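**Q** return a 3D structure for these sequence lines:
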Amino acid sequence: MTDGTQSMKKGANKVGSGCLTAFGAVFFLAGVGIFLWGLVSIYDAYEARGWQPVEATITHVEQVISRGDDSTTYGVTGQYQYEYQGRRYTSNQLNFYTGTDNIGSYQQDFYRKLAQVSSNQKTITAYVNPDNPNEAVIDKSIRWSMLGFQSIFLFVFGGVGLAIIIFGRYAKKKAAKEQKLQQLFPDEPWNWKDEWQSNRFKATTGAGFKVLLGFAILWNLIAIPSSVGAMIQFFETLEYKLLIVLLFPLVGIGLLIASYVAFVRHKRYGTSELVLQQTPIAIGGINRGTIEVPNDKGNDRSFGKPLEAVITLTCQRKITTGSGKNRSTKTTIIWQDDRRVRSSIKGHNTSSYAFEFNVPEDLPQSDESNQSNRVEWVLKIEREQPGIDLKLQFIVPGYVVAHRVALEAAETDLFASGAASSNDSYSGGQSHLGNWKNLDIEDSVTSQGNRYNFSAFRHIGFAISMIVFGLIFSSIGIGVNVIGDAPIIFLIAFGGFGLLMLILGLRQLTYRSEVTVRAGQLQFSSGHLMMSAPRVIQRSKIDSITAESNMSVGDKQVFHVTAKLTDGSKVVLAKNLLMRSDVESFIEKLKNEIGIRKN
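**A** Numbering: from 1, shown residues only. Got it, this is the predicted structure:
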């Protein structure tokens, strides 16, 4: 990197942090300003406590209605006359709130009250400022619901603005530090980040918990007041379409529960560390390390064996599009591999999980130069258990390192041999190959050969989530169209997408397949609940059997076992399988039984 380029980048960092500060200041001042404006009304109402009551005659009153694209607001204007100490005065100040709003039914109720008094030609009590008799008001009460609404701007706009300002200053300092590291290590980009300076990496539980909690608070600050206002309006109008708004606080409750789970996980496992044998993750090379987990039993005491966890290494691309409320991020898994690992005891109440990954060549390196198109390398460890599951994530550098790629074969073979013997004896601490039996396969020996049955309803959680998601979207599409008289495009968009998700969920739930293998041939059938007629494929017609992936569930790749035939066609033998190592273990078993030898 030349001095000119570094100077340009330094200038860009200054401009970027300056823009963030200015942008955050606009949000912060807007939020604080709206809240202070609301406090002015509170102060006026407080000062009016000692004003003198007088009888007033309303000469004019009018309901002001303002209709927008998605809401209607109300206000009240009018004029009244009163006498104080022998003099007659006229005022058009009805209360301490100006403009229109739809916070509750205050404006409609206030108008009806004034209109009834005016039509009956009665008087109403007004309150006069004894220090300035020209100043009077009919309603001097405090609208606490309005203050609550204005408080949202303080927390949302002011909070977001302050966060942007703080982040801008933090980003400026971080950019300056990274620039110095770039000068020290011009040809080693994995040394450009301060957190990548050693071979020890902290879990992201703390940052993940804070982001989730912040989003949950922000969501509920907006959803709860809006829902309360909508419910007040519902009880007044009985417009059932308003009940749709109850979905938002339900989502808010779910976010708070998820935040609590993330907090408990952080308190228990937040000090966990990933220790790489060498930094960075070498693309095209062998990578080894351990994950040290505190507050982990390490052994299944009921059986006296080490506990087992799954470690997954993923290269993924994150593409961000849109802005504001239309901003979205899509994560695509480029490559993924996994290992089942057994624990070993390290110190007091701490477990260690060792692993090894052979990363293939031609994968993209870590790249954060464009925040809208980032490449990340992520290592995760997971284990289901009673209470809070063990689930940790580490962001690691992944780069091509020439001297690491050229490892000697003897060293690799020596390590692999040691790992295998360790696992066989249950001494723990090493990663091992997959086990096809973990795929939930029903295997049996029949007169026709070895039969492997992939039954339906194997991934119930994932399928049910798709079905529920589809039902919700379909219901929204139908509800806003039938009940709310929304345009037909809402029915097509929401209802159509929901129907698609519903169909995919049902297909996922009911799909099954069966493979029967014997030397010289393979017999295969599949279907949704009902199986198709068996198809027999001769060994001579099979070119290869591989694991392919064209989709993911959350952060996990989903694999299909595919037989490629000599005529170029493909036959999918099994679908929707997780864990690459387990799938490859099953493929090796098929190859051995049908007679396909390794190259």
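**Q** okay, helices next: where are they in this protein?
**A** 3-47, 106-119, 144-153, 159-184, 205-237, 247-269, 402-405, 409-424, 460-482, 488-490, 496-510, 580-594 (DSSP state H).
**Q** I'd like the average pLDDT over stretch 590-599.
**A** The pLDDT scores in stretch 590-599 average 78.
**Q** can you list the buried residues in stretch 91-100?
**A** For stretch 91-100, the neighbour count (16 or more other CB atoms under 10 Å) marks S91, Q93, L94, N95, F96, Y97, T100 as buried. No exception for glycine: its C-beta is placed from N, CA and C like everyone else's.
**Q** that stretch: how far from the chain's middle?
**A** Mean-position distance between stretch 91-100 and its chain equals 44 Å (CA atoms, centre = their mean, to the nearest Å).
**Q** low-scoring stretches of the stretch 151-300 of the chain, by residue?
**A** 226, 229-234, 236-245, 297-300 (pLDDT under 70).
**Q** cutoff 50 now
**A** Nowhere does the stretch 151-300 of the chain drop to pLDDT under 50.
**Q** columns mean neighbour count and distance to Q385 on top of the helices of the chain, output as TSV?
**A** Output for the helices of the chain, formatted as TSV (neighbours: other CB atoms under 10 Å; distance: least, CB to CB, whole Å):
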stretch	mean neighbour count	distance to Q385
helix 3-47	14	42
helix 106-119	17	53
helix 144-153	17	40
helix 159-184	15	35
helix 205-237	16	16
helix 247-269	16	11
helix 402-405	12	35
helix 409-424	12	21
helix 460-482	17	17
helix 488-490	12	43
helix 496-510	17	26
helix 580-594	20	20
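**Q** a markdown table for those helices, including distance to H348?
**A** Listed next are these as a markdown table, based on distance: least, CB to CB, whole Å:
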| stretch | distance to H348 |
| --- | --- |
| helix 3-47 | 44 |
| helix 106-119 | 62 |
| helix 144-153 | 48 |
| helix 159-184 | 35 |
| helix 205-237 | 21 |
| helix 247-269 | 15 |
| helix 402-405 | 34 |
| helix 409-424 | 23 |
| helix 460-482 | 36 |
| helix 488-490 | 59 |
| helix 496-510 | 45 |
| helix 580-594 | 32 |
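**Q** quick one: closest of these to I395.
**A** helix 205-237 (9.5 Å; CB to CB).
**Q** check the gap between the residue lying farthest from the centre of the chain and N134 for me.
**A** Ranked by distance from the centre of the chain (CA atoms, centre = their mean), the top residue is G86, with 68.3 Å. Distance of G86 to N134, given as CB to CB, to the nearest Å: 15 Å.
**Q** who's in contact with stretch 205-221?
**A** Here stretch 205-221 makes contact (CB atoms under 8 Å, 6 or more residues apart in numbering) with 152, 155-156, 159-160, 248-249, 251-252, 255-256, 258-259, 262-263, 265-266, 269-270, 272, 392-393.
**Q** one more time with 10 Å, if that's ok
**A** The contact list for stretch 205-221 (CB atoms under 10 Å, 6 or more residues apart in numbering) reads 151-152, 154-156, 159-160, 163, 204, 227, 248-249, 251-272, 391-393, 395.
**Q** dump that stretch to PDB, restricted to CA.
**A** Only the C-alpha atoms of stretch 205-221 are listed here, as PDB (Å, rounded to 0.1, in the frame of the first residue of the first chain):
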ATOM      1  CA  THR A 205     -21.700 -14.000  22.900                       C
ATOM      2  CA  GLY A 206     -21.400 -10.600  24.500                       C
ATOM      3  CA  ALA A 207     -21.800  -8.600  21.300                       C
ATOM      4  CA  GLY A 208     -24.600 -10.900  20.100                       C
ATOM      5  CA  PHE A 209     -26.500 -10.500  23.400                       C
ATOM      6  CA  LYS A 210     -26.200  -6.700  23.300                       C
ATOM      7  CA  VAL A 211     -27.400  -6.400  19.700                       C
ATOM      8  CA  LEU A 212     -30.300  -8.700  20.400                       C
ATOM      9  CA  LEU A 213     -31.300  -6.900  23.600                       C
ATOM     10  CA  GLY A 214     -31.000  -3.500  21.900                       C
ATOM     11  CA  PHE A 215     -33.200  -4.600  19.000                       C
ATOM     12  CA  ALA A 216     -35.700  -6.100  21.500                       C
ATOM     13  CA  ILE A 217     -35.900  -2.900  23.500                       C
ATOM     14  CA  LEU A 218     -36.300  -0.800  20.300                       C
ATOM     15  CA  TRP A 219     -39.000  -3.100  18.900                       C
ATOM     16  CA  ASN A 220     -41.000  -3.000  22.200                       C
ATOM     17  CA  LEU A 221     -40.600   0.800  22.600                       C
END
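**Q** centre of the chain to it, how far?
**A** 10 Å.
**Q** can you check stretch 506-514 too?
**A** 28 Å.
**Q** what's the first-to-last distance across that stretch?
**A** The stretch stretch 506-514 measures 19 Å between its terminal residues, going by CA to CA, to the nearest Å.
**Q** wait, which of the helices of the chain is closest to E368?
**A** Nearest of those (CB to CB): helix 159-184, 10.2 Å.
**Q** which elements pack onto that closest one?
**A** If contacts are counted by 3 or more CB pairs under 10 Å, 6 or more residues apart in numbering; DSSP states H and E, helix 159-184 sits against helix 3-47, helix 205-237.
**Q** do that again at 8 Å, thanks
**A** Where contact means 3 or more CB pairs under 8 Å, 6 or more residues apart in numbering; DSSP states H and E, helix 159-184 is packed against helix 3-47.
**Q** where are the low-confidence patches of the stretch 301-450 of the chain?
**A** 301-303, 407-432.
**Q** at which residues are the strands of it located?
**A** 305-306, 308-321, 328-345, 350-358, 373-383, 390-396, 398-399, 431-432, 442-446, 449-454 (DSSP state E, counting those that start in this stretch).
**Q** now the ones you listed in JSON lines, with mean neighbour count?
**A** JSON lines is the format used below for those (neighbours: other CB atoms under 10 Å):
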{"stretch": "strand 305-306", "mean neighbour count": "17"}
{"stretch": "strand 308-321", "mean neighbour count": "19"}
{"stretch": "strand 328-345", "mean neighbour count": "18"}
{"stretch": "strand 350-358", "mean neighbour count": "21"}
{"stretch": "strand 373-383", "mean neighbour count": "19"}
{"stretch": "strand 390-396", "mean neighbour count": "20"}
{"stretch": "strand 398-399", "mean neighbour count": "22"}
{"stretch": "strand 431-432", "mean neighbour count": "20"}
{"stretch": "strand 442-446", "mean neighbour count": "10"}
{"stretch": "strand 449-454", "mean neighbour count": "18"}
